[in-house]
Every structure is written in structure tokens, then in C-alpha cells.
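Trainee: for reference, the sequence and a predicted model appear below.
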Amino acid sequence: MKEESESFIDTLKYQFLCCYPLHCIDWDAIPKGLTWEQHKQLIENTALQPLNKKYPIKISYQLNFLKRLLQQLEKHCDEVHDIVYESYCAVQQRVAKDTTEKYAYKHYVQPSLDVSITLRESKSFVAEGTTGLCSWQASIALADYLVQNIKLLRGKCVLELGAGTGLCGTIALQCCGVRHMLLTDGSHECIELMKENVLRNFREASEVNDGEYEIKGKLLNLCKLEWGSVSDMKWPNGFSADVILAADVVYDDTVFDSLTNAINYVFKIRDDKCEMLLAATVRNEHTLNKFLNLLSTLDFQYIEKDVMPLDKCNFYWDRTTPVKIFQITRKS
């Protein structure tokens with residue numbers, strides 16, 4: 001019973017810190033008969049967790065999370081520890097002030113990988129004219145796939161298109177032995193946010209030039225790249241893409257021509273000696289197929305890869321809408 005309770009508390013901590021959607025949390029898995037000390041542990045591992053106190057996640061999420069937690073504890077326990085009610089009231093008092101805040105944090109923690117990543121991101125899906133200022137589920141899914149297949153990136157130069165907050169690239173750089181990472185986005189605001197997130201997560205990073213960092217012998221560059229102007233891109237010294245990454249970039253068919261142009265250009269300058277890993281949230285099957293068909297007209301081929309199942313994943317993301325991952329290469 002004790003092991004079951006500790007496992008549940010740990011799982012809930014990681015889900016809370018990354019703002020895992022409340023409807024995805026298995027609230028029925030809460031162990032019956034939790035002790036008062038375990039009630040306290042639940043709060044100390046979520047609302048009062050040191051990461052959340054230093055870099056708080058969305059207040060609205062915290063409030064709704066604690067409300068659901070209270071409901072479950074009141075249903076299954078004779079009494080609920082005062083700290084749970086006190087935490088709920090404390091968060092409730094912060095709601096009005098929080099409405100003026102445009103940004104909050106998310107934390108992706110996985111002790112088995114020695115990973116703890118804190119990202120500042122927009123609380124809105126669309127901000128500053130871009131959707132890239134917050135993390136999306138396909139980016140987390142791709143990161144999870146990469147850490148389970150480290151050999152795909154080990155010792156290689158990796159280019160990410162539409163990197164947004166830098167989530168996927170940051171995890172890959174930490175876990176996958178990447179030699180040189182180039183994170184790009186068409187939004188200046190995304191590049192500035194990535195810089196902030198890089199410096200927060202890589203304390204040992206040494207800035208060689210503007211947007212260029214050395215991290216324990218590895219190189220990281222952050223560059224603005226508009227897909228339609230990829231031929232004007234000034235590539236970092238010594239960078240030659242072995243692998244291209246992209247996540248949640250195929251939801252808008254009006255950008256497909258410029259996106260495929262960018263992909264085609266990078267493959268050409270590498271004499272097709274590279275590959276691409278694309279993760280797509282399947283909101284509209286027709287839109288995804290339109291993009292894949294466009295790739296086919298440029299002599300690309302693709303293979304769908306297995307997404308990590310929930311019971312084997314390292315990070316949590318909303319699986320309500322399916323995510324697909326494709327390995328893309330040029331036909332020989």
C-alpha cells in the first residue's frame with residue numbers, strides 16, 4: 001500500500017509540473033485510505049513543490065488541479081489535511097492578479113533520464129502573431145521518441161524547424177548526445193524566448209556569439225529562419241544537417257509550399273545524405289495527407305514510426321488527439 005501511494009504521488013507530481021490535462025489524469029487511481037502525512041506529501045509535491053514555487057505554472061491550472069484533488073480526497077477519506085484546503089485558498093487568492101500575466105512555466109522532469117527542464121511559455125495558444133510561444137503535444141511526443149532511440153541523434157548535427165519554445169531540441173540536446181544543435185523558428189519572439197529558456201536550463205552554457213552557445217563541448221545555435229527564404233540562410237560554421245526535426249508544423253496548408261521548399265533545400269545541400277523526423281498532431285487527416293502527398297511529389301518517402309505508449313513514456317502529453325511520427329528520406 002505504501003509503495004502504491006508513493007508511486008501515485010510521484011506520478012501526480014510529474015503530471016502537475018508539466019500541466020498534464022486534468023481529463024487525462026487517472027484520478028480513480030488515487031489510493032484509498034491515504035494518511036494525513038500522505039495528504040501533506042501530495043501538496044508538497046505539487047502546489048508547494050520547489051520548482052513550482054520558484055517558476056509557477058499557470059494559476060488557473062493549479063486552481064482546477066487542487067479542486068479535483070480535493071474532490072477525490074473528500075470522497076475517499078474521512079478527513080482531509082488542512083494544508084490541502086489552505087493551498088487551494090492561497091492559489092484562489094492569486095487568480096485575479098494572474099490575469100495580467102502573459103507567461104507561465106512548465107516543468108518536464110524525468111529522474112531516470114536525469115532531466116529537469118523548465119520552460120517559460122505563453123499562456124495563450126496564439127500570442128505575438130505566432131503559435132510557437134507555447135509547447136504542443138507533438139513536440140513532447142517527438143522528444144519522448146528520441147530519448148527512446150538515442151542512436152538516431154548521437155554525434156550528429158541536428159536542425160529543428162519551427163522549434164517554438166525549444167522543448168524538443170532542449171531534451172534532445174540533454175539526452176541524445178547531439179554534437180551540434182541548430183534550433184530555428186520564423187518568429188523573432190520565439191527565438192528570444194528560446195534564448196531565455198536555454199540559459200535557464202543550461203547553466204554551464206557559454207555564449208560564443210549572439211545566439212551561439214557551447215555547452216560541455218557541444219554546440220547550440222538559435223537562428224531565425226523563414227521557410228520561404230531558406231536559401232538566404234547563413235548556416236553556422238561547421239554545421240551540416242544530418243537530421244531534421246519538426247513537430248506540429250503541418251496544421252496550416254497555406255505554409256506547405258514554403259515548408260516543403262525548406263525541407264527540399266536542406267536535403268539538396270546535403271546531397272540527400274540526411275533524414276527527417278516529423279511529428280504531427282492529427283487534427284485533420286486530410287490536411288496531413290495533403291502534406292505527405294506534396295512530399296511524395298518531391299521524391300520523398302516516409303515511414304510511420306511507433307509513438308511511445310503511455311505506460312512506457314518518459315513525458316506526459318495529451319493523447320486525446322492522436323500524434324503520428326514519420327521518418328522521411330529521399331527516394332534513392
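Mentor: Okay, I see it.

Trainee: and the nearest residue to residue 230 once chain neighbours are set aside, what element?
Mentor: Once flanking residues are discounted, residue 230 sits nearest to residue 262: 4.3 Å by CB to CB, 6 or more residues apart in numbering. All C-beta atoms are positioned from the backbone trio N, CA, C, and that covers glycine. For residue 262, the element it lies in under DSSP states H and E is helix 256-269.

Trainee: so which residues of the stretch 101-250 of the chain form strands?
Mentor: Along the stretch 101-250 of the chain, counting by DSSP state E, counting those that start in this stretch, strands occupy 103-110, 115-122, 157-161, 180-185, 206-209, 212-215, 218-224, 243-247.

Trainee: so residue 95 sits against residue 61, correct?
Mentor: No. Residue 95 lies out of contact with residue 61 (CB atoms under 8 Å); the separation is 11.3 Å.

Trainee: so which of these two has more stuff around it?
Mentor: Taking other CB atoms under 10 Å, residue 95 and residue 61 do not tie; residue 61 has more neighbours (19 against 12).

Trainee: show me the contacts for that one.
Mentor: 19, 22 (CB atoms under 8 Å, 6 or more residues apart in numbering).

Trainee: and it, how far is that from residue 298?
Mentor: For residue 61, the distance to residue 298 (CB to CB, to the nearest Å) stands at 41 Å.

Trainee: same check, this time on residue 249
Mentor: Distance, residue 249 to residue 298, using CB to CB: 16 Å.

Trainee: which parts of this structure are helices?
Mentor: Assigned by DSSP state H, the chain shows helices spanning 2-17, 36-44, 50-54, 59-76, 82-92, 95-98, 137-147, 167-175, 188-201, 256-269, 285-297.

Trainee: is it possible to export those to a markdown table including distance to residue 161 and mean pLDDT?
Mentor: Below are these laid out as a markdown table (distance: least, CB to CB, whole Å; pLDDT from 0 to 100):
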| stretch | distance to residue 161 | mean pLDDT |
| --- | --- | --- |
| helix 2-17 | 27 | 89 |
| helix 36-44 | 40 | 93 |
| helix 50-54 | 30 | 96 |
| helix 59-76 | 29 | 93 |
| helix 82-92 | 38 | 94 |
| helix 95-98 | 33 | 80 |
| helix 137-147 | 12 | 94 |
| helix 167-175 | 10 | 93 |
| helix 188-201 | 12 | 92 |
| helix 256-269 | 6 | 97 |
| helix 285-297 | 13 | 96 |
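
Trainee: could I get those helices as CSV with distance to residue 209?
Mentor: CSV is the format used below for the helices of the chain (distance: least, CB to CB, whole Å):
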stretch, distance to residue 209
helix 2-17, 33
helix 36-44, 43
helix 50-54, 30
helix 59-76, 37
helix 82-92, 42
helix 95-98, 37
helix 137-147, 26
helix 167-175, 18
helix 188-201, 12
helix 256-269, 22
helix 285-297, 34
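
Trainee: right, I'll call it a day here.
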